[in-house]
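Engineer: predicted model and sequence below, questions to follow.
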Amino acid sequence: MEKKTILLADDDMDDTEMFCEALADVDESIICYTAINGNEAIKKLNELKEDLPDIIFLDLNMPIMNGWDCLKYLKQHERYKDIPVIMISTSSHKNDLDTATSLGAICYFVKPNNFNDLKHVLRSITSNIQKGLKEVIASLHAEGFRHLFSCEESNLK
């Protein structure tokens with residue numbers, strides 16, 4: 001079984017704790033690195049050398065370096081540009097979806113308040129990290145989790 005790694009950049013400790021707890025419930029073998037802002041996320045990526053994460057979850061609103069600036073950096077950097085990025089936020093504004101997809105994120109994920117919803121989404125995503133991630137997100141979208149995901153259809157093909 002191939003090891004899976006995730007990087008979560010989020011300055012909200014409660015959200016980070018819920019995310020990590022849900023992830024541990026889904027698959028305790030997944031390694032989850034955390035950062036509290038974009039600068040720290042980039043620093044962590046630089047420290048990882050060859051073991052880059054399979055996917056990055058980036059919170060939109062963080063101090064020092066926000067999610068947008070971090071996403072721009074990642075997508076312009078040769079070493080990181082192919083790592084799938086999902087933007088996360090409590091906001092569900094349409095212009096945020098447009099910005100996320102235009103900057104290269106796979107989708108925009110609205111943080112759920114329901115722990116079981118988060119576990120379901122993370123289970124689906126983590127069990128398909130190395131294969132068909134876009135298809136899984138499209139299926140979650142169709143499965144009734146549309147309220148949590150905003151995905152540009154072209155990014156899911």
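Structural biologist: Cool, the structure landed. Computed from a prediction, not measured in an experiment: that's the story for all the values here. Residues are numbered from 1 along each chain as shown.
Engineer: any idea how many residues pack against residue 122?
Structural biologist: By the measure other Cβ atoms under 10 Å, the count of residues near residue 122 is 21. Any C-beta I mention is one placed from the backbone N, CA and C, and that applies to glycine too.
Engineer: so where's the longest helix in the protein?
Structural biologist: helix 13-26 (DSSP state H).
Engineer: would you mind writing the CA trace of it as CSV?
Structural biologist: In CSV, the C-alpha atoms belonging to helix 13-26 read as follows (Å, rounded to 0.1, in the frame of the first residue of the first chain):
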residue,chain,number,x,y,z
MET,A,13,-7.0,25.6,15.1
ASP,A,14,-10.5,24.2,15.6
ASP,A,15,-10.9,23.5,11.8
THR,A,16,-7.4,22.0,11.7
GLU,A,17,-8.2,19.7,14.6
MET,A,18,-11.5,18.6,13.1
PHE,A,19,-9.8,18.0,9.7
CYS,A,20,-7.0,15.9,11.3
GLU,A,21,-9.4,14.0,13.5
ALA,A,22,-11.6,13.2,10.5
LEU,A,23,-8.6,12.2,8.5
ALA,A,24,-7.4,9.8,11.3
ASP,A,25,-10.8,8.2,11.4
VAL,A,26,-10.8,7.7,7.7
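Engineer: centre of the chain versus that helix, how much separation?
Structural biologist: Taking Cα atoms, centre = their mean, to the nearest Å, one finds the center of helix 13-26 at 13 Å from the center of the full chain.
Engineer: what's the answer for stretch 70-80, then?
Structural biologist: For stretch 70-80, the distance to the chain centre is 14 Å (Cα atoms, centre = their mean).
Engineer: for the longest helix of the chain, which helices and strands make contact with it?
Structural biologist: strand 5-9, strand 31-35, helix 115-126 (3 or more Cβ pairs under 8 Å, 6 or more residues apart in numbering; DSSP states H and E).
Engineer: mean neighbour count, those: which tops it?
Structural biologist: strand 5-9 (a mean of 22; mean count of other Cβ atoms under 10 Å).
Engineer: any regions of the chain where pLDDT drops low?
Structural biologist: Where the chain drops to pLDDT under 70, the residues are 1-2, 92-94, 129-157.
Engineer: show the contacting residues for the closest residue in space to residue 4 that isn't next to it in sequence.
Structural biologist: Excluding its sequence neighbours, the residue lying closest to residue 4 (Cβ to Cβ, 6 or more residues apart in numbering) is residue 30, at 4.8 Å. Residues in contact with residue 30, defined by Cβ atoms under 8 Å, 6 or more residues apart in numbering, are 4, 5, 6, 23, 24, 126.
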